[in-house]
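Novice: What would the 3D arrangement of this be:
(one chain, ligands or ions: 1)
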Amino acid sequence: MGASLHPVWLLGRKRRIVDGMSDKSRLVVIVGSVREGRFGPVVASWVADQIRAHGGFDVDLVDLAGVDIPLTLPAASPKFAGDDYPRPEGMKDLTRKLSEADAFIIVTPEYNHSYPASLKALIDWHFTQWTAKPVAFVSYGGAAGGRHAVLHLENVLTELHAVTIRDGLTFPNYFTAWKDGTPLDAAAAGYAKTLLEQLSWWAQALRAARTAVPYPGGA
Ligand SMILES: Cc1cc2nc3c(=O)[nH]c(=O)nc-3n(C[C@H](O)[C@H](O)[C@H](O)COP(=O)(O)O)c2cc1C
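Specialist: I've put the predicted structure just below:
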């Protein structure tokens, strides 16, 4: 059995409402690994703790292990289909979370110098949900700490007009670098704080821009 997620996620539901809108940015954290015995939820739980300490976000979790994301896509691209895109019923909640998001953190392992197929499927079933929104990465793996996966994700998400954040959290050799759900590197929490501050800045800036002027996505 793999690790399970810390119930901290439920706290994200208790958001403050101001004039019908949250005064915080809505952050979706995506757990990319769906492998049996996966380490991903350990990393995601620690990330959730850092987000809670930061306090600037309302959080939704998307754990890809709990969602049915078929590899077979509809004939058309989701780019121009809008809300009519024929997604499976079991994907509706996930799509709503992506649509409502102001920002994303993708927690990804590295498989064969790239990211898992589960993440690619998630990305390809959507388009506008990513557009003009910031994405930060937390990666882990062997010597490269998942950086190959992140490089590929940056490339793909740029195609969807997402804005990838330069700074990221990278955990090389996670099997010796973590103990009891926490990275041994004492600087990690500080790096996370910096990353979250940058992500918050982008989330607010891009939400304001999207609200003021429709993004000229184009073809
Ligand atoms: C199919 C597969 C390919 C892998 N390829 C790499 C790799 O290219 N680089 C790397 O650092 N680790 C690689 N690993 C090791 C993973 O980083 C390690 O298994 C990690 O635990 C995966 O995250 P997860 O447990 O959350 O699935 C690979 C693991 C699997 C299962």
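Novice: Which residues of this protein lie near the ligand?
Specialist: 33, 35, 38-40, 109-113, 141-142, 144 (Cβ under 6 Å from any ligand atom). C-beta here means a position set from N, CA and C on the backbone, and glycine is covered the same way.
Novice: again, only using 5 Å
Specialist: 33, 35, 38-40, 109-113, 141-142 (Cβ under 5 Å from any ligand atom).
Novice: Helices of the protein, start to end?
Specialist: Along the chain, the segments classed as helices by DSSP state H run 40-54, 92-100, 117-124, 147-159, 174-177, 188-212.
Novice: mind listing what residue 140 touches?
Specialist: Shown in contact with residue 140 (Cβ atoms under 8 Å, 6 or more residues apart in numbering): 39, 43, 108-110, 146, 170-172, 174.
Novice: The same query, at a cut-off of 10 Å, please.
Specialist: 33, 39-40, 42-43, 107-110, 146, 149, 169-175, 177-178, 183 (Cβ atoms under 10 Å, 6 or more residues apart in numbering).
Novice: So it versus residue 110, what's the distance?
Specialist: Look at residue 140 and residue 110: by Cβ to Cβ, to the nearest Å, they are 8 Å apart.
Novice: Need the residues touching each of the two.
Specialist: Counting by Cβ under 10 Å, 6+ apart, the residues touching both residue 140 and residue 110 are 146, 149.
Novice: which stretches of the chain have low pLDDT?
Specialist: 1-22, 218-219 (pLDDT under 70).
Novice: May I see the residues of the chain next to the ligand arranged in a markdown table, with distance to residue 93 and neighbour count as well?
Specialist: Putting the residues of the chain next to the ligand into a markdown table (distance: Cβ to Cβ, whole Å; neighbours: other Cβ atoms under 10 Å) gives the following:
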| residue | distance to residue 93 | neighbour count |
| --- | --- | --- |
| 33 | 20 | 25 |
| 35 | 23 | 14 |
| 38 | 21 | 19 |
| 39 | 25 | 18 |
| 40 | 20 | 25 |
| 109 | 24 | 23 |
| 110 | 28 | 21 |
| 111 | 26 | 18 |
| 112 | 30 | 8 |
| 113 | 32 | 13 |
| 141 | 29 | 23 |
| 142 | 34 | 13 |
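Novice: Distance check, residue 138 against residue 88.
Specialist: 28 Å.
Novice: Looking at those two, which one has more neighbours?
Specialist: For residue 138 and residue 88, the more surrounded residue by other Cβ atoms under 10 Å is residue 138, and the numbers stand at 26 against 13.
Novice: In the beta-sheet assignment, what are the partners of that one?
Specialist: residue 107, residue 169 (DSSP bridges).
Novice: Let me see the contact set for it.
Specialist: So residue 138 contacts 29-32, 40, 43-44, 46-47, 50, 105-108, 146, 150, 168-171, 192, 195 (Cβ under 10 Å, 6+ apart).
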